[in-house]
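S.K.: structure of the sequence below:
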Amino acid sequence: MSAFIIAEAGVNHNGSLELAKKLVDEAKEAGADCIKFQTFISKNLASKSAKKASYQSKSGENESQLEMLENLELMFEEFEEIYHYCNEKDIIFLSTGFDFESIEFLNSLGMEKWKVPSGELTNLPYLAKIASLNKPVILSTGMGTIEDIEAAVNVLSEHGGKDISILHCTTEYPAPFEEVNLRAMETLSNKFRCPIGYSDHTKGVEIPVAAVALGAEIIEKHFTLDSTMEGPDHSSSLEPAQLKTMVDSIRHVELAMGTGEKTPSESEKKNIGIARKSIVANRPIQKGEKFTQENLTVKRPGTGISPMKWYDMIGKEASRDFEEDELIEQ
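M.R.: Numbering: from 1, shown residues only. Below you'll find the model as predicted:
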């Protein structure tokens, strides 16, 4: 089964519908299965006193979190246009709704999956609202403990949530490699017995590729049109060419995982006779002469008697004359 790849556009449209549509185009071109945005009403998401994260402060140092969000907010009508644009481009539209009004709007569009961000992992009313929609839920777990995740899963389950998938995540931008802890995916899989994936905030593309090799069924990765653009998430996001590299690399790894059965592949069978060796005459051997360690040797090609039968051949008599380097026959 192929991993479900979410190209996380987030707020990298900088409040522009035109840029949002360009992000859709690039996500489709890169081969992502889905593009995800963030839908919110700023005043419902952050209070006037809410501070920005350190990575957000690099952009617009003097503005509050609320002011930052207001500059990044798209109207519901614009999201409806983006939703239909995604349908035209044949890429799945997702958006995280950060408040009840936004959730109701997204539900009215007919969105089929719901993504719970890490920041809402401990928000019981929010989780209950998402669960009540009775649609598949993808739960990010950044900053969470096993106890936090178990509590969230219980809330989702108790309020109608179904088909719950869990994403391991390290909520830092960019996330330090030494804090990624990909092995936590195995812990989550053993504990919750549900599809497990990985939401990546590291620099580069190798960590999500490694996550797929370890069994991730969902990959989420931030991307942007230009990592030098002004805004809180651009600098830690992939550019379109990098996103395509990540998608292609993941698909290559999936092909390479194989069945687990150890047997020669179809493409390498033709090389067996070329790369392996056979028992050959080390010097001219006369008919009736016994084969010895001295008059036999092992050389390519591998189309004769296998060297694994070396000791079976020692002491036997030659059935005919053999020239030097000639393949031995019984």
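
S.K.: convert stretch 11-27 to CSV, retaining C-alpha atoms only.
M.R.: As requested, the backbone C-alpha atoms of stretch 11-27 are provided in CSV (Å, rounded to 0.1, in the frame of the first residue of the first chain):
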residue,chain,number,x,y,z
VAL,A,11,-0.7,29.4,5.7
ASN,A,12,2.1,29.6,3.1
HIS,A,13,-0.3,31.4,0.8
ASN,A,14,0.3,34.5,2.9
GLY,A,15,-3.4,35.4,2.7
SER,A,16,-3.5,35.3,-1.1
LEU,A,17,-6.0,33.2,-3.0
GLU,A,18,-3.8,33.4,-6.1
LEU,A,19,-0.8,32.0,-4.1
ALA,A,20,-3.1,29.3,-2.6
LYS,A,21,-4.0,28.1,-6.1
LYS,A,22,-0.4,28.1,-7.2
LEU,A,23,0.4,25.9,-4.2
VAL,A,24,-2.4,23.5,-5.4
ASP,A,25,-0.8,23.4,-8.8
GLU,A,26,2.7,22.6,-7.4
ALA,A,27,1.4,20.0,-5.0
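
S.K.: lowest-confidence helix or strand of this structure?
M.R.: helix 54-57 (a mean of 56; mean pLDDT, DSSP states H and E).

S.K.: buried ones in the next helix or strand after it?
M.R.: The element immediately downstream of helix 54-57 (helix or strand, assigned by DSSP states H and E) is helix 65-72. Neighbour-count burial for helix 65-72, counted by 16 or more other CB atoms under 10 Å, picks out 65-66, 68-72. For glycine as for every other residue, the C-beta is placed from the backbone atoms N, C-alpha and C.

S.K.: what residues does helix 65-72 touch?
M.R.: 11, 13-15, 40, 42-43, 45-48, 50-52, 56, 59-60, 63, 231-232 (CB atoms under 8 Å, 6 or more residues apart in numbering).

S.K.: what pLDDT, on average, does the helix ranked longest in the chain get?
M.R.: Determined from DSSP state H, the single longest helix within the chain is helix 240-257. Averaging pLDDT along helix 240-257 gives 98.

S.K.: hey, C-alpha coordinates of it in CSV?
M.R.: What follows is helix 240-257, C-alpha atoms only, in CSV (Å, rounded to 0.1, in the frame of the first residue of the first chain):
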residue,chain,number,x,y,z
PRO,A,240,8.3,22.6,-5.1
ALA,A,241,11.3,20.8,-6.6
GLN,A,242,12.2,19.5,-3.2
LEU,A,243,8.6,18.3,-2.6
LYS,A,244,8.7,16.4,-5.9
THR,A,245,12.1,14.8,-4.8
MET,A,246,10.5,13.7,-1.6
VAL,A,247,7.5,12.2,-3.2
ASP,A,248,9.5,10.4,-5.8
SER,A,249,11.9,9.1,-3.2
ILE,A,250,9.1,7.8,-1.1
ARG,A,251,7.6,6.0,-4.1
HIS,A,252,11.0,4.5,-4.9
VAL,A,253,11.4,3.2,-1.3
GLU,A,254,7.9,1.7,-1.4
LEU,A,255,8.9,-0.2,-4.6
ALA,A,256,12.1,-1.3,-3.0
MET,A,257,10.5,-2.7,0.1
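
S.K.: for residue 60, give me the pLDDT.
M.R.: 57.

S.K.: correction: the previous question concerned residue 171.
M.R.: 96.

S.K.: what's the distance between it and residue 202?
M.R.: Using CB to CB, to the nearest Å, residue 171 is found at 12 Å from residue 202.

S.K.: including distance to residue 319, could the buried residues of helix 65-72 go into CSV?
M.R.: As requested, those are exported to CSV (distance: CB to CB, whole Å):
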residue, distance to residue 319
65, 89
66, 93
68, 88
69, 88
70, 92
71, 89
72, 85
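
S.K.: and of those, the nearest to residue 25?
M.R.: residue 72 (20.0 Å; CB to CB).
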